[in-house]
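*Asks:* What shape does this take:
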Amino acid sequence: MGQGDWWSAALRTLAASTVASLAIVLTGGAAVVVSSPTVSAASTASGAKASASTTTTTTPPVPTWITAWASPTDLALTSPNAIATAATARDLVTVPVGGTALKLRLSNLWSTVPTTFVSVTVGVQQGGAAIVPGTILPVTFAGGSPTVTAPAGGDVISDPVPMAVHAGEVLEVSIAVAAPSLVSLHYVGPTTAPYPVDSFATANGAGDLAADPAATGFVFGDSYTRWLSALFVSGSPAQGTVVGFGDSITDGFNNGGVSWANILQTRIAQLPADQQLSVVKEAVPGNTLTAFPPGTSFEHKSGGLAGVTRFGSDALTLPGVRAIVVLLGTNDIWFGAGGETGGRPIPYGSATQIVQGLQTLIGEAHAAGIKIFGITLLPRASSGSVDLEPPELWTPTEQDTLTAVNQWMLTPGAGFDGVINLSAVMADVYNGACQPGLPFPPYFTADNLHPSTAGQTAMANAIPTTLFGIPNAPQVPPSVAAVPTPNCPGAALAEQVMTASATATLAPPPTTTTIPKKVRRPAPVRHPTRSTVSTVDVLLGSVVVLVVALGVLFAARRRSRRRRAWERLGRRYRSDQAVHARRRVSVTPTAPGVGERSLASRATGPPRSTQAQPDRTAPGPVPVRSVSSDGSSAPRRAPG
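*Replies:* Below is the predicted model of the structure:
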């Protein structure tokens, strides 16, 4: 390779390396690929037609912090301790994934005045309200303060707590207050069996027992959590978080708090630790998707803020969220038709309004760079007075609204990243029945609205975990027999959805790269999932590296030229020395009797002329000697 070729090749190599480095910088260091077509479990109600879509996806990095547990606060405590004074609450949290540190989020959402938490600790549950001695760690805020004041209607997040957290472990978070404080909580269900105890509390006046591992003094055990709304972990091998965003169905109401989200987590727990995700329930009993006028829905009792209102705080801004699964809208229909009051219908809860609400969630999720999946509204029917609930009437008009919403969701181009048709799975199309508009009795509790454990299991099994970028997790064995009815279109549709979930596989490694679209994260993002470096700093660093590399190449080129020049001078010098040596030998006197040849003719090779050549470096003629016939030499002058 010549010098010019070598120089050109070096420049081309450097340019290619620099362009590749800048491309990685500009794309955020992530591999951006076009995924292969994926088939969703969505199917139209009229047939077993699956929809396919091709999307551009970015492989998300493993986040620094992920949400291991979450529970929205949906109302304020009313009794027996509506106002806590000099008291301590102790919430129970089961963490599905491990980690090396944790942070807590405390909510003061339903209080109109600030609330000061004087002491907060975390430890490992021993049993009931008792904590394993030696495991209690203090929780600090704002860089080391043991106390913190949450603003009215707001929340606070703790400092990181170095603590080894193990998957499946139950932690106890103790929260103490001194001044009178309204308790914001998450309501799961009545305090009667089979609802589990989610928190303990002392009576007013018991004081700060946050650092006490004993259960003595915690006289209340309730099926709701007090103030605690989320727990985050870092150092986890898990890949991120899936948020189940919904109402009482997703919260496990009437089923002891067990829902499809819990069972989906059980499925995922069977995968290797580095392929798992945490599944958190951001579900509120009585929750509506759209906002209703005050007093016209269950919000004033328990329904919490509307889905479109709380979507940011309860889903988008949680750290490590990879996907959101939405099941909301059935309460909009019921309250819009009069709800539990039985009064005149109010102008809310139409199919158009529900669709608009879902479109709002889709737009916000995509703007935040988060995938969002929809679950079709489940079939339901009228019920009598059961489970401490008044009778609930479900009319054909309400059913028509539900069907219209589901048909829109299953329409290609609705906007979801995927739709799981659980309406088909939960319909009465098994064991000889063929009523796709009614709920399958074994899958529901007595109110014909909330799924039983069998129904929640069927829902969880119908969700392909490949939607979330992990391998398909093994299904949980069903607890009741449900054989699809032959020659029933609804049964064939349900069977198709279940089969698609059982056989779903991850897409093959992508090969086509594209430039990612810029997405706008909602502001403020309170929980950054990873530390970032300024793009300007990285670009400046790349320029410095380029300049240094060019300098090195120029220096190498200069050294190469100098080395070649010295080699040429060396060859010329050696050639001149050889010429001088031959000339000096040609003028040296010879011994007598040499004959007619000079000493120079003794060298190997053909005979040379006896006439010496002039030294062209001398200023004038150089005297030489010639040999006479008698062997003597006499000087003579060279010709011309």
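*Asks:* remind me which residues of the chain are low pLDDT?
*Replies:* 1-63, 79-81, 188-194, 299-301, 340-345, 385-389, 507-541, 544, 583-640 (pLDDT under 70).
*Asks:* mind checking how far the longest helix along it is from the chain centre?
*Replies:* For the chain, the helix with the greatest residue count under DSSP state H is helix 535-586. Centre-to-centre, helix 535-586 and its host chain are 53 Å apart (Cα atoms, centre = their mean, to the nearest Å).
*Asks:* cool, and stretch 247-258?
*Replies:* Centroid separation between stretch 247-258 and its chain, computed with Cα atoms, centre = their mean, is 27 Å.
*Asks:* How about stretch 123-141?
*Replies:* For stretch 123-141, the distance to the chain centre is 30 Å (Cα atoms, centre = their mean).
*Asks:* ok, back up a step: helices and strands around the longest helix of the chain, which ones?
*Replies:* helix 3-26 (3 or more Cβ pairs under 8 Å, 6 or more residues apart in numbering; DSSP states H and E). Heads up, the C-betas are built off the backbone N, CA and C, glycines and all.
*Asks:* which stretches of the stretch 301-450 of the chain form strands?
*Replies:* With DSSP state E, counting those that start in this stretch, the ranges of strands along the stretch 301-450 of the chain come out as 321-327, 371-375, 418-420, 427-428, 435-439.
*Asks:* For the ones you listed, give me a markdown table that also has mean neighbour count and distance to Gly154.
*Replies:* Shown next, in a markdown table, are those (neighbours: other Cβ atoms under 10 Å; distance: least, Cβ to Cβ, whole Å):
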| stretch | mean neighbour count | distance to Gly154 |
| --- | --- | --- |
| strand 321-327 | 25 | 21 |
| strand 371-375 | 25 | 26 |
| strand 418-420 | 25 | 34 |
| strand 427-428 | 24 | 43 |
| strand 435-439 | 19 | 40 |
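*Asks:* Take the ones you listed and write them to CSV, including distance to Ala214.
*Replies:* Formatted as CSV, the strands of the stretch 301-450 of the chain follow (distance: least, Cβ to Cβ, whole Å):
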stretch, distance to Ala214
strand 321-327, 37
strand 371-375, 44
strand 418-420, 46
strand 427-428, 51
strand 435-439, 47
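*Asks:* Those: which one's closest to Pro138?
*Replies:* Across the strands of the stretch 301-450 of the chain, Pro138 has its closest neighbour in strand 321-327 (28.4 Å, Cβ to Cβ).
*Asks:* Who's the closest spatial neighbour of Ala142, skipping the chain neighbours?
*Replies:* Nearest non-adjacent residue to Ala142, counting by Cβ to Cβ, 6 or more residues apart in numbering: Val148, 6.6 Å away.
*Asks:* Tyr224 too?
*Replies:* Per Cβ to Cβ, 6+ apart, closest to Tyr224 is Leu185, 4.6 Å.
*Asks:* repeat for Asn254
*Replies:* Closest to Asn254 by Cβ to Cβ, 6+ apart is His450, at 4.0 Å.
*Asks:* what's the neighbour count on the one you found?
*Replies:* 27 (other Cβ atoms under 10 Å).
*Asks:* Over to Pro162?
*Replies:* Per other Cβ under 10 Å, the neighbour tally for Pro162 reads 10.
*Asks:* thought it was touching Thr100?
*Replies:* Yes: at 7.1 Å, Pro162 and Thr100 qualify as touching, with contact defined as Cβ atoms under 8 Å.
*Asks:* right, so of the strands of the stretch 301-450 of the chain, which gets closest to Phe468?
*Replies:* It's strand 321-327; of the strands of the stretch 301-450 of the chain, that one is closest to Phe468 (Cβ to Cβ) at 5.0 Å.
*Asks:* Show me what the closest one is packed up against.
*Replies:* strand 241-246, helix 351-367, strand 371-375.
*Asks:* sorry, back to before: I'd like to know which of the strands of the stretch 301-450 of the chain lies nearest to Ala129.
*Replies:* strand 321-327 (31.6 Å).
*Asks:* starting at the chain centroid, how far to the closest one?
*Replies:* With Cα atoms, centre = their mean, you get 12 Å for strand 321-327.
*Asks:* go on, stretch 330-342?
*Replies:* With Cα atoms, centre = their mean as the basis, stretch 330-342 stands 37 Å off its chain's centre.
*Asks:* which other residues reach that stretch?
*Replies:* Residues outside stretch 330-342 that contact it (Cβ atoms under 8 Å, 6 or more residues apart in numbering) are 247, 249, 286-290, 292, 296-298, 303, 344-350, 353-354, 357, 377-378, 380, 390, 392-395, 397-398, 401-402, 405, 449.
*Asks:* With stretch 125-136 instead?
*Replies:* Contacts with stretch 125-136, where a contact means Cβ under 8 Å, 6+ apart, come from 90, 92, 121-124, 170-172, 174, 200, 211, 213-215, 218, 221.
*Asks:* same deal with stretch 157-166?
*Replies:* Residues contacting stretch 157-166 (Cβ under 8 Å, 6+ apart): 68, 95, 98-106, 120, 122, 137, 139-144, 148, 171, 233-234, 236, 526-527.
*Asks:* Apply 6 Å and report the result again.
*Replies:* For stretch 157-166, contacts defined as Cβ atoms under 6 Å, 6 or more residues apart in numbering pick out 95, 98-99, 101-105, 137, 139-141, 233.
*Asks:* Return the member of those residues nearest to Pro474.
*Replies:* Nearest member of the contacts of stretch 157-166 to Pro474, counting by Cβ to Cβ, is Gly98, at 20.5 Å.
*Asks:* Roughly how far does the closest residue to the closest one other than its chain neighbours sit from Trp227?
*Replies:* Spatial nearest neighbour of Gly98, excluding adjacent residues (Cβ to Cβ, 6+ apart): Ala167 at 4.7 Å. Applying Cβ to Cβ, to the nearest Å, the value for Ala167 to Trp227 is 25 Å.
*Asks:* With neighbour numbers in mind, choose between those two.
*Replies:* Shown here are Ala167 and Trp227; by other Cβ under 10 Å, Trp227 has more neighbours (31 against 19).
*Asks:* I'd assumed Leu104 was in contact with that one.
*Replies:* No: in this structure, Trp227 is not within contact of Leu104 by Cβ atoms under 6 Å, at 9.5 Å.
*Asks:* gap between Leu449 and Ala433?
*Replies:* Distance of Leu449 to Ala433, computed by Cβ to Cβ: 19 Å.
*Asks:* now do Gly217
*Replies:* Separation of Gly217 from Ala433 (Cβ to Cβ): 54 Å.
*Asks:* what do you get for Gln399?
*Replies:* Here Gln399 is placed at a distance of 17 Å from Ala433 (Cβ to Cβ).
*Asks:* next one: Glu282
*Replies:* Glu282 is 34 Å from Ala433, by Cβ to Cβ.
*Asks:* ok, those two, which is more surrounded?
*Replies:* More neighbours surround Glu282 than the other of Glu282 and Ala433, with 27 against 16 (other Cβ under 10 Å).
*Asks:* in the sheet, who's paired with the more buried one?
*Replies:* Phe245 (DSSP bridges).
*Asks:* ok so, going back, are any of the contacts of stretch 125-136 buried, and which?
*Replies:* By neighbour count, with 16 or more other Cβ atoms under 10 Å, the contacts of stretch 125-136 hold 90, 92, 121-124, 171-172, 174, 200, 213, 215, 218, 221 as buried.
*Asks:* what comes into contact with stretch 429-448?
*Replies:* 254, 379-381, 383, 386, 426-428, 451-452, 454-455, 480, 482-483, 485, 488, 490-491, 494.
*Asks:* Contact partners for Gly415?
*Replies:* Gly415 makes contacts with Ile362, as judged by Cβ under 6 Å, 6+ apart.
*Asks:* please renumber so the chain begins at 478
*Replies:* Understood, numbering begins at 478; the last thing we discussed is Gly892.
*Asks:* ok, so what distance separates the residue nearest to Asn731 from Phe921?
*Replies:* Taken as Cβ to Cβ, the span from His927 to Phe921 is 7 Å.
*Asks:* again with Gly631
*Replies:* Counting by Cβ to Cβ, the gap from Gly631 to Phe921 is 38 Å.
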